[in-house]
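Engineer: Structure for this input, please:
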Amino acid sequence: MAMTAVRAAAAAGVPASLSRFRGALVAAVLGDCIGGEFEGAEEVPMESVMQHLNGLDDETKGNGILEYSDDTAMTRCVVQSLLSRAGFDEHDLAHRFAKEYSASPGRGYGSGVVQVLKKLSSPQINDVYQPARDQFNGRGSFGNGGAMRAAPFALAFPDLAHVKKVARLGAMLTHSCSLGYNGAVLQALAVHLSLQGALALPHQFISRLITEMEEVESEEAALRDARILKEAEKPFCERLHRIRDLMDRSKVSIEEVISELGNGIAALHSVPTAIFCVLHCLQPQESFPESYSGLERTIAYSLALGGDTDTIACMAGAIAGAHYGIEAIPQSWIRCCEGADDADVNAKWLHVLYHKSPQGGRSETEDKSENGTEKKTRAE
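Structural biologist: So this is what the prediction gives:
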């Protein structure tokens, strides 16, 4: 391991340290901003990735030239709501989503979520979960829009059961299919465990995720949705087992990763992929400069997969940042990305909230679930 990577790993400090919080939230923004360059590309040569990343070191390209997308816009809403309400408040969060979209609709929102957000903006709305349940003839959405904004839930609450609950509820405001909101649960779990230092033992990390998701996907709604969509009985668990198999191979090609895990806009085809990116890049690789930290490798590898690069890099960045800490992130990258400084400030406040209460938060809404489908224009 390069000395810079060793120093960065050490700087992250103890579990749930401030450095880890800052790393998670800032790296998520960077993944979104930097990943936008290749979004939708079928093939992304590593040479193109490195050229893009090397360009971020150009001092003349600072001051936030890379804009964030709906991934960060909605994540910021989650953070602001959690801090403002000192916990989870579905009505406040729904209002913030709608207001953010109205103020800045050009962030790349999918047409499906736009319909939901417009309904959420109505002052007459009582049940803030109803618009999402009505989506796609009542089948709901299984895109990764809930997962892309799930990291703050892991940064606000130390209790794992509570993280799972609020990640699910937060996702269900726009994604009522279990394959959508369970993707958010998995992403929040990965950030939570990474924050605790669990990535120091990669195989135990993935085994813990499988154990947790076995319970999550045993619910009747999840089993029903998997049958309807003709997926494995417990689709996220099945993907996590694939990750474990890929980890045990001496060499894995990008084509194999895409074939086995996917790189698309469905939560099932992107959340496990983001997790693999982090695990795959824990150790140095010939493809990347020796000076690169594990976080830099993770972002770069996420881009090389093509597809939904901004969201996959955003999610992978959050998990990796929670492991390596803020010191692993190049200042040149931070200078180039819109919203990175704000994320750093917000991470410090989330750190306070996290350590303030044994579990924190509240919700007046019981967990609900629906089934559903989603095409390209329905993803966030």
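
Engineer: Every contact and neighbour count from this point should use C-alpha atoms.
Structural biologist: Fine.

Engineer: got a list of what Pro235 touches?
Structural biologist: Contacts were defined as CA atoms under 8 Å, 6 or more residues apart in numbering; by that measure Pro235 touches 226, 268.

Engineer: Looking at the backbone only, give me phi and psi for it.
Structural biologist: phi -60, psi -40 (degrees, to the nearest 10).

Engineer: My read is that Ala198 contacts Ser207, right?
Structural biologist: No - judged on CA atoms under 8 Å, Ala198 makes no contact with Ser207 at a distance of 10.8 Å.

Engineer: which one of the two has more residues nearby?
Structural biologist: Neighbour count, other CA atoms under 10 Å: between Ala198 and Ser207, Ala198 has more, with 19 against 15.

Engineer: Spatially nearest residue to the more buried one (excluding sequence neighbours)?
Structural biologist: Setting aside the residues directly before and after it, Ala198 is nearest to Phe205 in space (CA to CA, 6 or more residues apart in numbering), at 5.6 Å.

Engineer: And for the one you found, the neighbour number?
Structural biologist: Neighbours around Phe205, by other CA under 10 Å: 17.

Engineer: Kindly report the same for Ser250.
Structural biologist: Neighbour number of Ser250 under other CA under 10 Å is 6.

Engineer: now it: how far from His280?
Structural biologist: 11 Å (CA to CA, to the nearest Å).

Engineer: Ok, Lys251 next?
Structural biologist: 10 Å.

Engineer: Look at these two and report which has more neighbours.
Structural biologist: A count of neighbours by other CA under 10 Å puts His280 above the other of Lys251 and His280, at 20 against 9.

Engineer: for the more buried one, what are its contacts?
Structural biologist: Contacts of His280 (CA under 8 Å, 6+ apart): 247, 298.

Engineer: show me where the stretch 1-150 of the chain has helices.
Structural biologist: Secondary structure of the stretch 1-150 of the chain, counting by DSSP state H, counting those that start in this stretch: helices at 3-11, 18-35, 46-55, 70-85, 90-103, 111-120, 130-138.

Engineer: circling back: the residue nearest to Ala198 and Leu195 touch, don't they?
Structural biologist: No - the criterion here is CA under 8 Å, and Phe205 misses it with Leu195 at 11.6 Å.

Engineer: Among the helices of the stretch 1-150 of the chain, show me which one is buried the most.
Structural biologist: Mean neighbour count, computed with mean count of other CA atoms under 10 Å, is highest for helix 18-35 among these, reaching a mean of 31.

Engineer: Which neighbouring elements make contact with that one?
Structural biologist: helix 70-85, helix 151-156, helix 178-195, helix 294-304, helix 309-324, helix 331-336, helix 340-354 (3 or more CA pairs under 8 Å, 6 or more residues apart in numbering; DSSP states H and E).

Engineer: List the buried residues in the longest one.
Structural biologist: If I follow you right, that is helix 178-195. Going by neighbour count (16 or more other CA atoms under 10 Å), the buried part of helix 178-195 is 178-195.

Engineer: what's the angle between it and helix 309-324?
Structural biologist: Calculated by axes from the mean of the first three to the mean of the last three CA atoms, to 10 degrees, helix 178-195 forms an angle of 30 degrees with helix 309-324.

Engineer: hmm, back to that, so which strand or helix has the residue nearest to Ala198?
Structural biologist: helix 202-216 (DSSP states H and E).

Engineer: export that helix as PDB, just CAs?
Structural biologist: The C-alpha trace of helix 202-216 is given here as PDB (Å, rounded to 0.1, in the frame of the first residue of the first chain):
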ATOM      1  CA  PRO A 202     -13.800  -7.100   3.900                       C
ATOM      2  CA  HIS A 203     -15.200 -10.700   4.000                       C
ATOM      3  CA  GLN A 204     -16.800 -10.100   7.400                       C
ATOM      4  CA  PHE A 205     -18.200  -6.800   6.000                       C
ATOM      5  CA  ILE A 206     -20.000  -8.500   3.100                       C
ATOM      6  CA  SER A 207     -21.200 -11.400   5.300                       C
ATOM      7  CA  ARG A 208     -22.700  -8.900   7.700                       C
ATOM      8  CA  LEU A 209     -24.500  -7.200   4.900                       C
ATOM      9  CA  ILE A 210     -25.900 -10.600   3.700                       C
ATOM     10  CA  THR A 211     -27.100 -11.400   7.200                       C
ATOM     11  CA  GLU A 212     -28.900  -8.000   7.600                       C
ATOM     12  CA  MET A 213     -30.400  -8.200   4.100                       C
ATOM     13  CA  GLU A 214     -31.600 -11.800   4.700                       C
ATOM     14  CA  GLU A 215     -33.900 -10.300   7.400                       C
ATOM     15  CA  VAL A 216     -34.900  -7.300   5.300                       C
END
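
Engineer: quick one: average confidence on that helix?
Structural biologist: On average, the pLDDT along helix 202-216 is 98.

Engineer: which outside residues touch that helix?
Structural biologist: Taking CA under 8 Å, 6+ apart as the rule, helix 202-216 contacts 182, 186, 189-190, 193, 198-199, 234, 236-237, 240-241, 244, 279.

Engineer: do the same with stretch 184-191
Structural biologist: 24, 144, 146-155, 160, 163-165, 167-168, 171, 209, 213, 267, 271, 275, 315, 318-319, 322.

Engineer: ok, of those residues, which come out buried?
Structural biologist: 24, 144, 146-155, 163-164, 167-168, 171, 209, 213, 267, 271, 275, 315, 318-319, 322.

Engineer: Done for today, thanks.
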